[in-house]
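[1] need a 3D model of the sequence below.
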Amino acid sequence: RRATGAELSAGSRRAGVVSFSVVDAKTGAVLEAHDGFTGQPPASVTKAVTALYALDVLGPDYRFETRLLAGGGVKDGVVQGDLVLAGGGDPMLDTDQLAGMAAKLKAAGVREVKGKFRVWGGALPFERVIDPSQPEEVGYNPSVSGLNLNHNRVHFEWKRAGGDYTVTMDARSGKYRPDVRVARMQVAARSAPVYTYADMGDHDAWTVAKGALGGGGARWLPVRKPEAYAAEVFATFARSHGIKLEAAPPPGAAPKGDVLVTHRSEPLDEVLRGMLKYSNNLTAELCGMTASAKRLGRPVAMKESAEEMSRWAQTFLMMPGAKLVDHSGLGETSRLRAAALAQALAKVHKDGLLKPILKEFPLHAANGQVNAAHPVKVVAKTGTLYFVSSLAGYVTAPDGRELAFAIFTADPELRAGFDKGSESRPEGAATWNARSKNLQQTLLERWGRVYGS
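    Model (predicted):
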């Protein structure tokens, strides 16, 4: 007799709560479930719900826009009033694209700005962090604004120079690496803590422990002043074209003026494909908040937006118990039910919007190596926090039958027992996660084998 999913779960030598549900993707008929009605922390599986929300509200062809506006118009190559860089919540805007906007401004004949240079991020409310419980220095927990650049991360690099270090902070992307002053770093003569942060008003002030630097290295740090970050980088490129800009405070309301340059993002479905592949938290927050702004007719803060997305999930996706505190899954108090999510994935399967943009989830051979020839095919979204592991998506069985599934595992007691403000991995987390991943693979193989014939 083949072991049931519940028996496999019980024998996985992993503490905590296991919830799963697998259903026929076409009919929604439940094939197997275990504790599927218990609310569990979904981690980044939340992003699958966010993708569906954004696609439903905004549409797959929606494009984010970033604009350059000229107050007072342009006369003889001179902007008569202020020049405003106005964000539209684009999660993909990078340094290369700002460089392109500066080049287009020059190509449009602009050589001078009589007024001031201002930036506007008010299309979405500012959030200092996505999740305040995270370490200050992690790049996956940046600030959120209506104007964002390079996923609101700055590149910090250090090199040993004799007994000291040289450090750089830059806004690098594919082609360009402009240095910035809006984020600054000092090397401190200490061994711990590794990083400290202070808000100095006009810039982010970081220090790093000299004893932690070694011979050299680099990492991304979060940006807490995204609008000023974008302003500094754009002004650098404008100056390279002979256009000098005098910075001034942001406008108090949505700017008006002649649109001189517009940068449009890729279509939303492609933005979401990247979000699901790389699990970018900022992209999820911006897509979710933009959808809520359209749905409610006004910009709303992240928490209110997440509540609106939860209501949408409960009604449109018919997901009872959906309670989300953000759109990325970084907040640990979000809850989803495996049974409800599996049914929701079956409900949207016929629309063909989510499955094509989910990432392939390869299964492994007995030796632990990826088995590209495995007869069971899976596309899914993963989710991981310490002592939380989740997975949801679609299984294609060897005979072509398609299944929708959700698997949640979590150990609340172990999660409560470590310092969430530290970047250090808690003891036992790697082993716990490996066992959860092994259970996921075992369940997926079982479902493909048992329900695909």
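[2] low-confidence stretches in the stretch 1-150 of the chain?
    Along the stretch 1-150 of the chain, segments meeting pLDDT under 70 span 1-15.
[3] can you give me the helices for it?
    For the stretch 1-150 of the chain, the helices defined by DSSP state H, counting those that start in this stretch cover 5-10, 46-58, 95-107.
[4] nearest to R128, of these?
    helix 46-58 (20.3 Å; Cβ to Cβ). Every C-beta, even on glycine, is put in place using the N, C-alpha and C of the backbone.
[5] by contact count, what packs against that closest one?
    helix 268-278, helix 281-296, helix 302-315, helix 338-349, strand 377-385 (3 or more Cβ pairs under 8 Å, 6 or more residues apart in numbering; DSSP states H and E).
[6] coming back round to it: and of the helices of the stretch 1-150 of the chain, who's closest to E445?
    helix 5-10 (10.0 Å).
[7] just to revisit the earlier point, nearest to D258, of the helices and strands packed on helix 46-58?
    Smallest distance to D258 across the helices and strands packed on helix 46-58 (Cβ to Cβ): 24.5 Å, for helix 281-296.
[8] quick check: mean pLDDT across the closest one?
    Model confidence over helix 281-296 averages 98 on the pLDDT scale.
[9] nearest the geometric middle of the protein, what residue?
    Nearest to the mean C-alpha position of the chain, counting by Cα atoms, centre = their mean, stands N281 at 1.8 Å.
[10] leaving aside the residues next to it on the chain, what's closest to that residue?
    Closest residue in space to N281, ignoring its immediate chain neighbours: S328 at 3.9 Å, by Cβ to Cβ, 6 or more residues apart in numbering.
[11] how many other residues sit next to that neighbour?
    Here the count is done by other Cβ atoms under 10 Å, and S328 has 31 residues near it.
[12] in contact with it, which residues?
    S328 makes contacts with 44, 46-47, 50, 130, 281-282, 284-285, as judged by Cβ atoms under 8 Å, 6 or more residues apart in numbering.
[13] in a strand, P426, correct?
    No. Looking at P426 with DSSP: H, G, I helix; E, B strand; the rest coil, it is coil, so not inside a strand.
[14] show me where the stretch 51-200 of the chain has strands.
    Per DSSP state E, counting those that start in this stretch, the stretch 51-200 of the chain carries strands over the ranges 65-70, 74-75, 78-79, 83-86, 112-113, 117-120, 153-161, 164-170, 183-188, 195-199.
[15] just give the closest residue to H151, not the sequence neighbours.
    In space, and not counting its chain neighbours, H151 is closest to L282: 5.1 Å by Cβ to Cβ, 6+ apart.
[16] hang on, isn't that neighbour packed against L149?
    No. Using Cβ atoms under 8 Å, L282 is not in contact with L149; the gap is 10.6 Å.
[17] bridged to S390, which residues?
    Counting by DSSP bridges, S390 forms beta bridges with G383, F408.
[18] buried residues, the longest helix seen in the chain. List them.
    Longest helix of the chain, by residue count under DSSP state H: helix 429-450. Residues of helix 429-450 classed as buried: 429, 432-433, 435-448 (neighbour count, 16 or more other Cβ atoms under 10 Å).
[19] repeat that for stretch 57-69.
    If you call a residue buried by 16+ other Cβ under 10 Å, then stretch 57-69 has these buried ones: 57-58, 62-64, 66-69.
[20] and it, end to end?
    Its start and end residues considered, stretch 57-69 measures 27 Å (Cα to Cα, to the nearest Å).
[21] same check on stretch 298-306?
    Span of stretch 298-306 from end to end, Cα to Cα: 14 Å.
[22] and that stretch, how far out from the chain middle?
    Relative to the centre of its chain, stretch 298-306 is centred 16 Å away, using Cα atoms, centre = their mean, to the nearest Å.
[23] just stretch 415-424 next, same as before
    How far stretch 415-424 lies from its chain's middle: 21 Å, per Cα atoms, centre = their mean.
[24] which parts of that stretch are buried?
    Buried residues in stretch 415-424, defined by neighbour count with 16+ other Cβ under 10 Å: 415, 418.
[25] residues in contact with A365?
    A365 touches 371, 374, counting by Cβ under 8 Å, 6+ apart.
[26] still on that earlier bit, for the longest helix of the chain, what is the average pLDDT?
    95.
[27] what packs against it?
    helix 5-10, strand 17-24, strand 388-396, strand 402-410.
[28] now the buried residues of stretch 57-69 as CSV including distance to T95?
    Below are these laid out as CSV (distance: Cβ to Cβ, whole Å):
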residue, distance to T95
V57, 29
L58, 26
Y62, 24
R63, 20
F64, 17
T66, 13
R67, 18
L68, 16
L69, 21
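[29] and stretch 128-142, C-alpha only, in CSV?
    Listed next in CSV are the C-alpha coordinates belonging to stretch 128-142 (Å, rounded to 0.1, in the frame of the first residue of the first chain):
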residue,chain,number,x,y,z
ARG,A,128,10.1,53.4,5.3
VAL,A,129,10.3,49.6,5.3
ILE,A,130,8.2,46.7,4.1
ASP,A,131,8.6,44.8,7.4
PRO,A,132,10.0,46.6,10.5
SER,A,133,11.0,43.4,12.2
GLN,A,134,13.8,42.7,9.6
PRO,A,135,17.4,43.7,10.0
GLU,A,136,18.1,47.3,9.0
GLU,A,137,20.7,46.5,6.4
VAL,A,138,19.0,43.8,4.3
GLY,A,139,18.4,44.8,0.7
TYR,A,140,15.2,42.8,0.4
ASN,A,141,13.5,45.2,2.8
PRO,A,142,13.8,48.7,1.2
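[30] show me which positions of that stretch end up buried.
    Of the residues in stretch 128-142, 129-131, 134-142 count as buried by neighbour count, 16+ other Cβ under 10 Å.
[31] cool, and stretch 140-158?
    Taking 16+ other Cβ under 10 Å as the criterion, stretch 140-158 shows 140-158 as buried.
[32] and of the helices of the stretch 1-150 of the chain, who's closest to G257?
    Minimum separation from G257 across the helices of the stretch 1-150 of the chain (Cβ to Cβ) falls at helix 95-107, 13.2 Å.
[33] OK, contacts around the residue nearest to the centre of the chain?
    Residues near N281 by Cβ under 8 Å, 6+ apart: 130, 140-142, 328-330.
[34] fine by me, thanks again.
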